[in-house]
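Asker: Starting from these lines, generate the structure:
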Amino acid sequence: MKLTLTDPKYLKESVAIISDLITEARFKVTAQSIKVVAMDPANVAMVVFEMFSSNFTEYEISEDTEFSINLSHFKQILKRAGASDTVTLELKESMVHIHLKGKYKRTFSIAIINAEEKEQKVPTLNFGVTVTAPCSILNDVVDDAAVIMADAIGFTAENKKVTFLAESDMNKVKIDVEESEDTKIIMEEKDPIKAKYSVEYLKKMVTGAKIADTVKICFNKDYPLKLEYNKVDTVQIMFILAPRVEND
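Answerer: Residues are numbered from 1 along each chain as shown. Alright, predicted model coming up:
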C-alpha cells in the first residue's frame, strides 16, 4: 500500500478531529477510500471518517487492506507536515511509514497494533428531523451552553423551528433557529420532537467545522444524534451520539 497526498490539510484536520474521541483506529483501505468506523472508549459516541481515493495523487493497493495504529501518535506526526509538504503513507513490514516531503524528506514510522475491539458497523437509524445549517450555528449553540457551564443541551424541533436549551444550576440559555435561506429544516411529523445530548461530546464533534461549511443535524425523540460534515468528493466525518434520557 502506498498513498500520496499533495495537500495534507484535510487528512491533518480529520485525524485531529476524530482523535479527540478515539485513541486507536482501524483504517480500512479499499479502491474507493480510506475509512475508519469506531466507538469511543465509553461506547457513547461513534465516529465515521472517510477520505476518497480521488484526493490522492498516488493510490496503490493490490487488495483491500486494514491496519490499526495509535491515533494520537499519527496526529502528532501529521502536525509536522507543512502546508506545501507531500504526505505519503506506506504499509511495509508491520509498520506504517509516513513520508513528509518538502524542502527535505522526513520519514516517521508507526507500529501497527492489534486492535482488541470488534469491527464496528454503522447502525441504520430513522430520524424525525433533519436540519442542514451553517456550522457556525451549532458551534455557537455549544459555545453558549459551555459559557453557562451546562452539561447537556436540549434539542426541540417544532413548526419549522429548532430550539436549543441549556441549563446549569443558576443559569440558562435558549437559542431559537428558524428555517431560512441557508438553514433547512425537514420534519417527518407535526408533533414536537425533543432530545438531549452531552455538551462534553458535542464540543469535540463540532470541530468537524474545520472540514466543512455546513452540518447536517439529525435527531428524533430521545434518540441518537447524527452530525454529518461533508467536503464534497473529498472527505466526510460523521458522528453518532447517544441521547441523555431523563428518568421520570
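Asker: right, and residue 133 touches residue 217 too?
Answerer: Yes - with contacts counted by CB atoms under 8 Å, residue 133 reaches residue 217, the gap being 6.9 Å. From N, CA and C alone the C-beta is placed, and that goes for glycine too.
Asker: between the two, who's got more neighbours?
Answerer: residue 217 (23 against 19; other CB atoms under 10 Å).
Asker: how near is the more buried one to residue 80?
Answerer: Noted for residue 217: a distance of 34 Å to residue 80, by CB to CB, to the nearest Å.
Asker: quick one, helices of the chain?
Answerer: 9-18, 71-79, 135-147, 199-205 (DSSP state H).
Asker: Residue 111: which of the ones you listed is closest?
Answerer: helix 71-79 (8.9 Å; CB to CB).
Asker: Tell me which residues are up against the closest one.
Answerer: Residues from elsewhere that reach helix 71-79 (CB atoms under 8 Å, 6 or more residues apart in numbering): 8, 11-12, 15-16, 18-19, 22-25, 87, 96, 98, 108, 110.
Asker: Quick one: buried ones out of those residues?
Answerer: 8, 11-12, 15-16, 18-19, 22, 24-25, 87, 96, 98, 108, 110 (16 or more other CB atoms under 10 Å).
Asker: Mark out where each domain of this structure begins and ends.
Answerer: Annotated domains of the chain cover 2-111, 129-223 [automatic domain parsing].
Asker: List the residues that contact residue 182.
Answerer: Counting by CB under 8 Å, 6+ apart, the residues that residue 182 touches are 133, 134.
Asker: So what sits opposite residue 27 in the bridge?
Answerer: Partner residues in beta bridges with residue 27, using DSSP bridges, are residue 36, residue 67.
Asker: Quick one: residues contacting it.
Answerer: Neighbours of residue 27 in contact, by CB under 8 Å, 6+ apart: 34, 35, 36, 66, 67, 68, 69.
Asker: Can you pick out the most distant pair from those residues?
Answerer: Across the contacts of residue 27, no pair lies farther apart than 35 and 69, at 14.1 Å, counting by CB to CB.
Asker: how close does the nearest residue to residue 135 once chain neighbours are set aside get to residue 61?
Answerer: Nearest residue to residue 135, sequence neighbours excluded (CB to CB, 6 or more residues apart in numbering): residue 209, at 3.6 Å. Here the distance between residue 209 and residue 61 works out to 31 Å (CB to CB).
Asker: Over to residue 120?
Answerer: On the measure of CB to CB, residue 120 and residue 61 end up 21 Å apart.
Asker: again with residue 182
Answerer: Residue 182 is 39 Å from residue 61, by CB to CB.
Asker: Among the contacts of residue 27, which one has the most neighbours?
Answerer: residue 34 (23 neighbours).
Asker: pretty sure it is touching residue 59, no?
Answerer: No - in this structure, residue 34 is not within contact of residue 59 by CB under 8 Å, at 9.1 Å.
Asker: list the residues that contact both of those two?
Answerer: When CB under 8 Å, 6+ apart defines a contact, the residues bordering residue 34 and residue 59 alike are 3, 53.
Asker: picking that back up, wouldn't the residue nearest to residue 135 be in contact with residue 139 here?
Answerer: Yes - judged on CB under 8 Å, residue 209 makes contact with residue 139 at a distance of 5.8 Å.
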